[in-house]
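# heads up, no residue letters with this:
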Ligand code: G3P
């Protein structure tokens, strides 16, 4: 399973990239707005740091505007995938953009049928929002599992990105559900390192080492 970082923060991206475990980055208008400045410049900088896929979302809501914005975003770097919301206008835009070879990540997916429409239109990625479904009492990961199973059964090349990941357990469940990718906030990525037995183990090894060194003196 690939791991993407769900952030537009350059510090977070640089730090995570040093660990060598990040395959791509996803952003959205909320994350981009948090960073301020010119988004095109920010996107170009992210693409200089990250060789893998980098998702950037359109703001327009009608097909023509989405297509215009998507072409503009895709021209920033070859690894840019344009995030398009799963509306009738969005799906029309995906069909046009896919024919031009522009990679689309269809976002705000909350149902299997939305994912199916996106894949049929030629999307490279679909992003089901796990946490937001859980928030309203639904089972977000069951949706990821359904989409992953059907895409694999029919041999769709469209990849599933488990998005709106809220905690490390979601990452495990995304992998078990067969998701191609999980996009994780930096806070969750850091939590993935943690286990109290690792801390305890290091502490014990160090103290045993010190004791042994002390004995030989
Ligand atoms: O980028 C899309 C998704 O990951 C957003 O997550 O936490 O705002 O529901 P969240």
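Structure received. Note that the structure is predicted; figures quoted are calculated from it, not measured.
# Pull out the buried positions in stretch 41-54.
Using 16 or more other C-beta atoms under 10 Å as the test for burial, stretch 41-54 gives 42-43, 45-47, 50, 53-54. No exception for glycine: its C-beta is placed from N, CA and C like everyone else's.
# Would you tell me which helix is longest in this protein?
Counting by DSSP state H, the longest helix found in the chain is helix 196-216.
# Give the residue spans of the chain that score low on pLDDT.
Filtered on pLDDT under 70, the chain yields the residue ranges 216-217.
# how close does the spatially most central residue of it sit to the ligand?
What sits nearest the mean C-alpha location of the chain, by C-alpha atoms, centre = their mean, is residue 183, with 2.8 Å. In this view, residue 183 and the ligand are 6 Å apart by C-beta to the nearest ligand atom, to the nearest Å.
# Can you tell me the SS state at that residue?
When classified by DSSP: H, G, I helix; E, B strand; the rest coil, residue 183 comes out as strand.
# From residue 190, how far off is it?
Plainly put, residue 183 is 15 Å away from residue 190 if you go by C-beta to C-beta, to the nearest Å.
# Likewise for residue 80?
When residue 80 is compared with residue 190 (using C-beta to C-beta), they lie 26 Å apart.
# Neighbour count for the two, which is higher?
residue 80 (23 against 15; other C-beta atoms under 10 Å).
# For beta bridges, what are the partners of that one?
Note on residue 80: beta-bridge partners by DSSP bridges are residue 54.
# Now for it: which residues touch it?
Residues near residue 80 by C-beta atoms under 8 Å, 6 or more residues apart in numbering: 43, 47, 54-56, 73-74, 103.
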